[in-house]
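**Student:** Could you look at this predicted model? Sequence included:
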Amino acid sequence: MLMSRISSARRSAWMLPLSLLVLCELGAQQSEFKGTFKEEMVEMRDGVKLATNVFAPEGPGPWPVVLTRTPYGKDRGGAVDKGGAVPGSDRTQAALYAARGYATVIQDCRGTGRSAGTQNFPYLTDGPDGYDTIEWIAKQPWSNGKIGMVGRSGYAITAMLAATQAPPHLLCAFTMLASGDARRVLLYMGGVYRKDVADGWMKFHGKEDQIAEIVARPISDPYWDWLDIVKQHPKIRIPIYNVGGWYDIFAQGMIDSFVGLQKNGRGHKIAVHVSSSNDPRFDPNPNTGKHLRLDSETRVAVNRVYHDAAHPSRILLPIVRIYEPEKPVANGRN
């Protein structure tokens, strides 16, 4: 896969292990999880309890923690019985992290999966719910209080919303294929309601009855401010590794988010892959035409992406700020 990488020169030392760990996950084969599992019902500030899988490695701990919050079901991909998905049965992600000394926490967002509560609009409470979950994790005996969030698409949106709340124990995040301003990218593109994408997205979340309300609220309505993560960048105190797909619906939104983050802090990183989250419609194997995730055939090929005056693109790439190493001050401290 051809990859265009634009990266900042500096990132905090504690972010590197998590970033590399998540990148390893993309190509890792499933391994056996060694450790303990428990499903917790974590109480939010308003009393609503959210279903949460906790996977701890073998040994005494405590451990750093990788958190994922999902609106699509924390046990998706696992075993199924008469009662539905079996909690904790999908241990692929937990096995990878446990082998490297990380505890894994995966949580159903409010009103989804096995969690209680409702949301009038997807992600509406994921900022404060993310904060409460992170601070709950920090208090647990198996946690050392150092927490990072990872996620792709909707999972990444929950991570970014949590970061806007500045939870004290959230140290970094790795987000893939997500926009910093879903209001302008997902709902309204160029100020016009994006019916082809937004209607299907709302129906998928079981919120078809809310479509009329969305259309009735213009892009300028302050109601949408909570969904505009770019406007909340000054509140974000952690470095975020942003990974986007050249053909993804959030491609420009992810890049714009990175640019905004750069203006408000150091340590952010960006990578743009020639890919999309909308598999298989936009992401078949370009060499065989088959489903990308199921195709086992291998062919040598070259994928070129042109980005110059002769080949204009809909994607505007950012200018990346390079930070010089800080010079020691008189007392010897950096």
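**Tutor:** Good, I have the coordinates.

**Student:** so where's the stretch 1-150 of the chain uncertain?
**Tutor:** 1-31, 80-83 (pLDDT under 70).

**Student:** Likewise for the stretch 201-334 of the chain?
**Tutor:** Counting by pLDDT under 70, the ranges of the stretch 201-334 of the chain that qualify are 274-307, 311-334.

**Student:** so where do the helices sit in the chain?
**Tutor:** With helices called from DSSP state H, the chain shows them at 15-27, 92-98, 126-138, 154-163, 182, 195-204, 211-216, 251-264.

**Student:** can I get those helices in TSV with mean neighbour count?
**Tutor:** Any C-beta I mention is one placed from the backbone N, CA and C, and that applies to glycine too. TSV is the format used below for the helices of the chain (neighbours: other CB atoms under 10 Å):
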stretch	mean neighbour count
helix 15-27	16
helix 92-98	21
helix 126-138	23
helix 154-163	26
helix 182	25
helix 195-204	14
helix 211-216	13
helix 251-264	21
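
**Student:** Of the ones you listed, which is nearest Pro57?
**Tutor:** helix 92-98 (4.0 Å; CB to CB).

**Student:** hang on, the earlier thing: tabulate the helices of the chain (JSON lines), appending distance to Leu227.
**Tutor:** Conversion of these to JSON lines gives the following (distance: least, CB to CB, whole Å):
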{"stretch": "helix 15-27", "distance to Leu227": "25"}
{"stretch": "helix 92-98", "distance to Leu227": "27"}
{"stretch": "helix 126-138", "distance to Leu227": "10"}
{"stretch": "helix 154-163", "distance to Leu227": "8"}
{"stretch": "helix 182", "distance to Leu227": "5"}
{"stretch": "helix 195-204", "distance to Leu227": "12"}
{"stretch": "helix 211-216", "distance to Leu227": "11"}
{"stretch": "helix 251-264", "distance to Leu227": "11"}
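
**Student:** Quick check: which of those is nearest to Phe55?
**Tutor:** helix 92-98 (3.6 Å).

**Student:** Can I get that closest one in CSV? Just the C-alpha atoms.
**Tutor:** The C-alpha trace of helix 92-98 is given here as CSV (Å, rounded to 0.1, in the frame of the first residue of the first chain):
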residue,chain,number,x,y,z
THR,A,92,-8.1,-10.2,19.7
GLN,A,93,-7.3,-6.6,20.7
ALA,A,94,-6.9,-7.6,24.3
ALA,A,95,-4.4,-10.4,23.4
LEU,A,96,-2.2,-8.0,21.5
TYR,A,97,-2.1,-5.4,24.2
ALA,A,98,-1.7,-7.8,27.1
